[in-house]
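*Asks:* pasting the structure only:
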């Protein structure tokens with residue numbers, strides 16, 4: 001049984017509304033600490049140079065022309081700096097086509113190339129994750145939308161080293 005006086009205060013000292021506000025504030029603070037205080041920070045191996053390679057499939061020559069080494073690379077949606085482009089490799093793009101006999105054939109795509117973009121970043125490595133420039137988590141095999149000041153591309157992270 002809850003003991004309230006005639007003014008709606010618990011034990012004559014604190015109102016129920018005040019108590020609810022305090023509980024909500026504590027819950028929000030606990031959620032913020034849980035969300036933003038990364039346990040990975042405690043087991044970080046310190047800041048390191050991280051190199052990751054992004055495979056971009058079937059783009060025009062224009063895209064290759066606008067990926068010169070030394071350019072700053074950003075994550076396209078958040079505009080977060082990821083590092084500097086240190087190497088660009090390219091090869092003719094191929095298409096997979098199902099043939100009449102049911103087999104899959106690979107053919108060179110006309111006027112298309114595929115890129116391997118190598119990006120160097122300062123970041124931190126933990127036992128559970130790799131972070132480029134402090135906060136962007138890199139995962140091999142994941143898709144990434146990157147941009148420089150000239151062009152934006154969508155590719156897959158194929159390799160990460162540190």
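*Replies:* Okay, I see it. This is a predicted model, so every value here is computed, not measured.
*Asks:* give me the beta-bridge partners of residue 130?
*Replies:* When bridges are assigned using DSSP bridges, the partners listed for residue 130 are residue 125, residue 138.
*Asks:* state the distance from it to residue 54.
*Replies:* Residue 130 sits 14 Å away from residue 54, going by C-beta to C-beta, to the nearest Å. Placement of C-beta: from N, CA and C, glycine included.
*Asks:* low-confidence regions, the protein specifically.
*Replies:* Within the chain, the set of residues satisfying pLDDT under 70 comprises 1-13, 36-45.
*Asks:* and with 50 instead?
*Replies:* Residues of the chain that meet the criterion pLDDT under 50 lie in 40-42.
*Asks:* so how far is the lengthiest helix in it off the chain centroid?
*Replies:* With DSSP state H setting the assignment, residue counts place helix 16-36 as the longest helix in the chain. When distances are taken as C-alpha atoms, centre = their mean, to the nearest Å, helix 16-36 is centred 29 Å away from the chain's centroid.
*Asks:* point out the other helices and strands that the next helix or strand after that helix packs with.
*Replies:* Proceeding N to C from helix 16-36, the next assigned helix or strand is strand 47-59, under DSSP states H and E. Strand 47-59 makes packing contacts with strand 81-98, strand 104-125, strand 130-132, strand 152-161 when contacts are defined by 3 or more C-beta pairs under 8 Å, 6 or more residues apart in numbering; DSSP states H and E.
*Asks:* any idea which of the ones you listed is most buried?
*Replies:* Here the criterion is mean neighbour count by mean count of other C-beta atoms under 10 Å, and of the helices and strands packed on strand 47-59 the winner is strand 130-132, at a mean of 22.
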